[in-house]
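Novice: Model the following, please.
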Amino acid sequence: MERKTPLYDVHVAEGGKMVPFAGYLLPVQYGTGVIKEHMAVRQQAGLFDVSHMGEILFTGPTALDTLNHLLTNDYSGMPVNKVRYGVMCNAQGGTIDDLVVYKFGEEAYLAVVNASNREKDYVHMAQNLLPGTKAEDISDTVAQLALQGPKAPAILKSLLPEDQIPKGYYTALPRVEIQGIPCMISRTGYTGELGYEIYTANEDAPKLWKILREAGEAFGLIPCGLGARDTLRLEAAMPLYGHEMDETVTPLEAGLDFGVKLQKAEFIGKDALVAAGAPQRVRVGLEVTGRGIVREHQDVFLGQEKIGQTTSGTHCPYLGKAVAMALLDAKHAKEGTELEVEVRGRRIGAKIVPLPFYKRG
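Specialist: Here you go, the predicted model:
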């Protein structure tokens, strides 16, 4: 049985079309529709409920060492109130999950994980804690709202003094109040736009949603669902767990090498990544040149040779064209290469293009 986020009744009242996703009932879209929601985020602002995400708190004198053992990135020397991306691998180098880590102090960190992986992530983390670290799953007490789009800063400025709004990308302010509601605000997001993710207690989430909706009305803010979240992240070429990566795909194959520090002394999966050498398959962007839309799990051909499979695909409202991401044999992954994707028994033309498809500004 699916869970409900603290905002379930709000979505129903707003006309959200509720669907099961990652163990929760969430709005896939509102009456405005996916395209209008997508365009609002690109041009004005959108508000998302992302309370289904998981939050794991790491505390103790060895918390930093534990994170460096569990994750591919290096969290040494990370400033307080900074946010850093990372990947959690299995011993074979496959991706258990990708996540972000917030540093609150030398002995306090918060890892935010994908909703569908929350339970398995926590089990893996708990099994691999170093002595002196405590890990606590606080997901059920935390709500998260994502305010995304070019008007997001103006909306927050109408509610808060500037020194209570995080300025740098991937930074956070953990103790802020919005009209008396205690919040953490981070300048992060999953849309390719300037935006913020706002964490608060479950019981305060409906009131906070209402405050943001009212403040955003003058700026063209509308509520957005899972449909727009997916088209936005795909347009910005942001990988999604279960599509561009899973336990059979390494972070290097998925193009996440910026978050993998092989020079670190050790982390789970490092030996396997080093032994594998240069990836034999890589994530690429495809622009559809033929007629049709490409989705995930469709075979990609160079002539008669199958060279890989798509991982995500859609028609991008802002770009006005169909694109996809794919995992292809590295030797055939040169930009500009003309390919074909098999969609329901029919081949559709495509070519390899640089990622991301869309970049703000």
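Novice: How far away from the center of its chain is the helix or strand where Tyr102 lies?
Specialist: In the assignment (DSSP states H and E), Tyr102 maps to strand 95-105. Its chain's C-alpha centre and that of strand 95-105 lie 11 Å apart, by C-alpha atoms, centre = their mean, to the nearest Å.
Novice: what's the next secondary structure element after that strand?
Specialist: strand 108-113.
Novice: Surely Pro27 and Lys17 touch.
Specialist: Yes - counting by C-beta atoms under 8 Å, Lys17 is a contact partner of Pro27 at 6.2 Å. Quick note: C-beta positions are derived from backbone N, CA and C, even for glycine.
Novice: buried residues in the strand holding Tyr102?
Specialist: Residues of strand 95-105 classed as buried by neighbour count (16 or more other C-beta atoms under 10 Å): 95-104.
Novice: follow-up on the earlier one: overlap in contacts of Pro27 and Lys17?
Specialist: Gly225 (C-beta atoms under 8 Å, 6 or more residues apart in numbering).
Novice: The two: which has the busier surroundings?
Specialist: For Pro27 and Lys17, the more surrounded residue by other C-beta atoms under 10 Å is Pro27, and the numbers stand at 27 against 16.
Novice: what's the pLDDT at that one?
Specialist: Model confidence at Pro27, expressed as pLDDT, equals 98.
Novice: how far away is Glu266 from Gly320?
Specialist: Distance of Glu266 to Gly320, given as C-beta to C-beta, to the nearest Å: 47 Å.
Novice: where exactly do the helices run in the stretch 101-250 of the chain?
Specialist: Along the stretch 101-250 of the chain, counting by DSSP state H, counting those that start in this stretch, helices occupy 118-127, 152-157, 205-216, 226-235.
Novice: Let me know the outermost residue of the chain.
Specialist: Largest separation from the mean C-alpha position in the chain: Gln304, at 34.9 Å (C-alpha atoms, centre = their mean).
Novice: measure that residue to Val41 for me?
Specialist: Separation of Gln304 from Val41 (C-beta to C-beta): 41 Å.
Novice: again with Leu110
Specialist: Leu110 sits 25 Å away from Val41, going by C-beta to C-beta.
Novice: okay, the two: which has more neighbours?
Specialist: Higher neighbour count among Leu110 and Val41: Val41, with 33 against 22, using other C-beta under 10 Å.
Novice: how about the nearest residue to that one once chain neighbours are set aside, what does it touch?
Specialist: Nearest non-adjacent residue to Val41, counting by C-beta to C-beta, 6 or more residues apart in numbering: Gly149, 4.6 Å away. Applying C-beta under 8 Å, 6+ apart, we find Gly149 in contact with 40-46, 191, 193-195, 221.
Novice: can you tell me the helix or strand for the residue nearest to Asn202 when sequence neighbours are not counted?
Specialist: Distances taken as C-beta to C-beta, 6+ apart place Pro6 nearest to Asn202, at 4.2 Å, with adjacent residues excluded. Secondary structure from DSSP H and E places Pro6 outside every helix and strand.
Novice: Would you mind listing the residues in contact with Pro6?
Specialist: By C-beta under 8 Å, 6+ apart, the contact set of Pro6 is 51, 143, 202-203, 205-206.
Novice: Turn those residues into TSV, including distance to His69.
Specialist: Output for the contacts of Pro6, formatted as TSV (distance: C-beta to C-beta, whole Å):
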residue	distance to His69
Ser51	29
Ala143	30
Asn202	31
Glu203	35
Ala205	34
Pro206	39
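Novice: Most neighbours of all those, which one?
Specialist: Neighbour tally across the contacts of Pro6 (other C-beta under 10 Å): the maximum, 26 neighbours, falls on Ser51.
Novice: contacting residues for that residue?
Specialist: Ser51 sits next to 5-7, 142-145, 202, 205 when contact means C-beta under 8 Å, 6+ apart.
Novice: what are the ranges of the strands in the stretch 151-300 of the chain?
Specialist: Assigned by DSSP state E, counting those that start in this stretch, the strands in the stretch 151-300 of the chain fall at 172-178, 181-186, 195-201, 221-223, 281-288, 299-302.
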